[in-house]
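J.: need a structure here:
(chains A and B)
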Number of protein chains: 2
Amino acid sequence: MSGTAPIKPLRLVAVAGGTHGNEMSGVTLVKHWLRDSTELLRDTFTAVPLLANPKATEKCVRYNEMDLNRCFTRDILFSSGSQDEPYEVKRAREINRVFGPRGSMNAYDMILDLHNTTSNMGICLIISEAHKPLEMHVCHYIQTHLPNFNPRIYVYMEHGSELYDLASVGKAGIGFELGPQPQGVVRGDLLQSMKTLVKVTLDFINQFNQGMEFPAFEADVYQRVGHVEFPLSSDGEVSAVVHPSLQDQDFSLLRPGDPMFLSLDDKIIPYAGDKPIYPVFINEAAYYEKNIAFIVVEKIQLSVPALSSTSQKVAS
Amino acid sequence: MSGTAPIKPLRLVAVAGGTHGNEMSGVTLVKHWLRDSTELLRDTFTAVPLLANPKATEKCVRYNEMDLNRCFTRDILFSSGSQDEPYEVKRAREINRVFGPRGSMNAYDMILDLHNTTSNMGICLIISEAHKPLEMHVCHYIQTHLPNFNPRIYVYMEHGSELYDLASVGKAGIGFELGPQPQGVVRGDLLQSMKTLVKVTLDFINQFNQGMEFPAFEADVYQRVGHVEFPLSSDGEVSAVVHPSLQDQDFSLLRPGDPMFLSLDDKIIPYAGDKPIYPVFINEAAYYEKNIAFIVVEKIQLSVPALSSTSQKVAS
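T.: This is a model prediction of the structure:
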């Protein structure tokens, strides 16, 4: 039978929220679990809640000095550090010490990281690379158990880029990205959806630990390949906004000639590429500072091998 | 014929945006008009664009030290001031000096102030008091010329409270409150709606200045009468969120027994009042710091007398 080599049961599991301090589903759930972690208990393990950026959460801002979720690079994690570094750099090293170190035997087996976006991303599951069988099986399990959520799998690392996110500290890591939700707001519907996602993921891990086998499957993933920036006027100000017909159309094809931007003097700026693209994270608030109007992804079909744990023999 | 005494033509008109620096429709439009004010020209006057809180706009936050749109109180405007006051206090006095002083002959004839909300408020027209014929005529003109916008009139001053908003510096003032839109995001559809609202209002002023008469009418207004706070746990953290069935239902009746909040351990908290209420500004991001879950309004029907300008005789 084709499959990956059996993996050890996952005992060390963390659920992070507040990696961005104004993404309120995760902030609210993690604060709740820090008071009462009953929902994180399973037969074979207990997940640990982590309020990742307490200072940003306190201020209800994305970050204090630097985006924490871009700080988990090799340079930052494995350099010695100094006194006057940004808060988030210190915090990234601290998280890596406790939940990693990344790449080591001691690292957590699985880290879930809870995010929100102002874009109409629906329920999006984020992994660093496509060829990660354990993560892909979690995503597939969510897709088959929560079909109404229509969860999509997004792969954030572009060709040649390196890991930088909090979840990468663990041996395995997945981000849950739910939207649309304004920064600083908790929507009850998304809060419930996020709770359900975490529940189903912990159920998967529990079944995996108890020796359940997960067969091979095929899946679509959306691989990040680039981004499109807002048009600027000569004085550096944004001169056009996302066209209303593109707004909220994340994961829908944008075809050559389709309206892409609307200038402030009411002119349509069409998409001028020569092949259709999939825009995602359309009009995300946090990307304005980088002048990013949306991210471009490619849809790829993958074959994922079967998965089993080393505890399988015990269960059979 | 019953009507108010004729009013002088309105020559001094300002359109403010960025009173809250992360409400991006107004910020974007006012920056655009500061570069090119063609859209603000009319035969009888030219409206002046005002970027009200440049420091908050620069940082893309609601305010720097204090909410500017709560600084236009008698105490602040008419005291002498000192060096170490918050930025917004100084800025409020400055705006009052240039566009007021409030209550004086020199004050601007009309100030429009452009706002966004994360709540599902649609197109909302905000005035300080219901008994303001000129403002009410502008609102009615918008309602009759833009019926698809379904614009509602909101009266913000509760019984016994005092003026505090930027628009109150003028002889007349109206806020345009458009939502839902996340903080820090420009939605193309709302940007276009706000542009249209300003256009139609300037058209009204131009017609008024040219001597057009506006007959009496009846109108519904929503008068603020109170607010409802989020439930808190013993440690002061929010213990429940707006119930999904109440979310986005601004201006719809909430009846006794209807779900109001959903606790973090999944219990429904119903509305326990003894008569139906109209919630508005449901789950507005900026009100979290005051722990306000929503504002309560009463629907009131008003009779508004006819309106004419002193230039009427010239035109007839």
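
J.: how close does A:Ser161 sit to chain B?
T.: Separation of A:Ser161 from chain B (Cβ to the nearest Cβ, to the nearest Å) stands at 25 Å. Heads up, the C-betas are built off the backbone N, CA and C, glycines and all.

J.: Now that residue, what are its backbone angles?
T.: The phi/psi pair for A:Ser161 (degrees, to the nearest 10) reads phi -90, psi 170.

J.: Can you report how many residues neighbour it?
T.: Applying other Cβ atoms under 10 Å in any protein chain shown, we find 10 residues neighbouring A:Ser161.

J.: Identify the residues contacting it.
T.: Applying Cβ atoms under 8 Å, 6 or more residues apart in numbering or on different chains to A:Ser161 gives no contacts.

J.: again with A:Leu29
T.: Counting by Cβ under 8 Å, 6+ apart, A:Leu29 has contacts A:15, A:17, A:49, A:114, A:191, A:194-195, A:198, B:264.

J.: try A:Ile153
T.: Contacts of A:Ile153 by Cβ under 8 Å, 6+ apart are A:124-127, A:136, A:139, A:143, A:219-222.

J.: redo that, cut-off 6 Å
T.: Residues near A:Ile153 by Cβ atoms under 6 Å, 6 or more residues apart in numbering or on different chains: A:125, A:139, A:221.

J.: for these, which one is nearest A:Arg70?
T.: A:Leu125 (19.7 Å; Cβ to Cβ).

J.: State the distance from the closest residue to the closest one other than its chain neighbours to B:His140.
T.: Sequence neighbours aside, A:Cys139 is the residue nearest to A:Leu125 in space, at 4.7 Å (criterion: Cβ to Cβ, 6 or more residues apart in numbering or on different chains). Per Cβ to Cβ, to the nearest Å, A:Cys139 is found 54 Å from B:His140.

J.: repeat for A:Asp36
T.: Using Cβ to Cβ, A:Asp36 is found at 53 Å from B:His140.

J.: One more: A:Gly17?
T.: From A:Gly17 to B:His140 the distance is 47 Å (Cβ to Cβ).

J.: Between the two, which has more neighbouring residues?
T.: Per other Cβ under 10 Å, whichever of A:Gly17 and B:His140 has more neighbours is A:Gly17, with 32 against 22.

J.: Need the three-state assignment for the residue nearest to the more buried one when sequence neighbours are not counted.
T.: In space, and not counting its chain neighbours, A:Gly17 is closest to A:Gly26: 2.9 Å by Cβ to Cβ, 6+ apart. Secondary structure for A:Gly26, judged by DSSP: H, G, I helix; E, B strand; the rest coil, is helix.

J.: tally of neighbours for A:Gly26?
T.: Using other Cβ under 10 Å, A:Gly26 has 31 neighbouring residues.

J.: How about A:Gly257?
T.: 10.

J.: any idea which element it lies in?
T.: Assigned by DSSP states H and E, A:Gly257 belongs to no helix or strand.

J.: What of the one 3 residues further on?
T.: In this structure, A:Met260 is located in strand A:259-263 according to DSSP H and E.

J.: what's that strand in contact with?
T.: Under the criterion Cβ under 6 Å, 6+ apart, residues A:231, A:239-241, A:243, A:245-246, A:268-271, B:188 lie in contact with strand A:259-263.

J.: Counting only helices, which of those make the cut?
T.: B:Gly188 (DSSP state H).

J.: With respect to A:Ala107, which of the contacts of strand A:259-263 is nearest?
T.: Nearest member of the contacts of strand A:259-263 to A:Ala107, counting by Cβ to Cβ, is A:Leu246, at 40.2 Å.

J.: neighbours around A:Glu129, how many?
T.: A:Glu129 has 14 nearby residues by other Cβ under 10 Å.

J.: can you count the residues close to the closest residue to it other than its chain neighbours?
T.: The shortest distance from A:Glu129 to any non-neighbouring residue, by Cβ to Cβ, 6+ apart, is to A:Met157 (5.6 Å). The number of residues packed near A:Met157 is 17, by other Cβ under 10 Å.

J.: wait, A:Met157 sits on A:Ile127?
T.: No - the pair A:Met157 / A:Ile127 is not scored as a contact, 8.8 Å apart, by Cβ atoms under 6 Å.

J.: Near chain B, which residues of the stretch 51-200 of chain A? Just list them.
T.: Within the stretch 51-200 of chain A, the positions adjacent to chain B are A:118, A:182-186, A:188-189, A:191 by Cβ under 6 Å from any Cβ of the partner chain.

J.: Counting only helices, which of the residues you listed make the cut?
T.: By the criterion of DSSP H, membership of those in helices covers A:188-189, A:191.

J.: can you pick the most crowded of those?
T.: A:Leu191 (24 neighbours).

J.: give the contact list for that one.
T.: So A:Leu191 contacts A:25, B:241 (Cβ under 6 Å, 6+ apart).

J.: On the pLDDT front, check it for me.
T.: With respect to pLDDT, A:Leu191 scores 98.

J.: Distance of it relative to A:Glu23?
T.: A:Leu191 is 12 Å from A:Glu23, by Cβ to Cβ.

J.: ok, which stretches of chain A are helices?
T.: Counting by DSSP H, the helices of chain A are A:24-35, A:54-59, A:74-77, A:87-99, A:133-145, A:188-209, A:312-315.

J.: Mind giving me the packing neighbours of the third one?
T.: Spelled out, that is helix A:74-77. helix A:87-99 (3 or more Cβ pairs under 6 Å, 6 or more residues apart in numbering or on different chains; DSSP states H and E).

J.: Any buried residues in the helix it packs on, and which?
T.: Within helix A:87-99, the residues scored as buried using 16 or more other Cβ atoms under 10 Å in any protein chain shown are A:87-93, A:95-96, A:99.

J.: hang on, the earlier thing: just the closest of the contacts of A:Ile153 to chain B, please.
T.: Lowest distance from chain B to the contacts of A:Ile153 (Cβ to the nearest Cβ) belongs to A:Leu125, with 22.1 Å.
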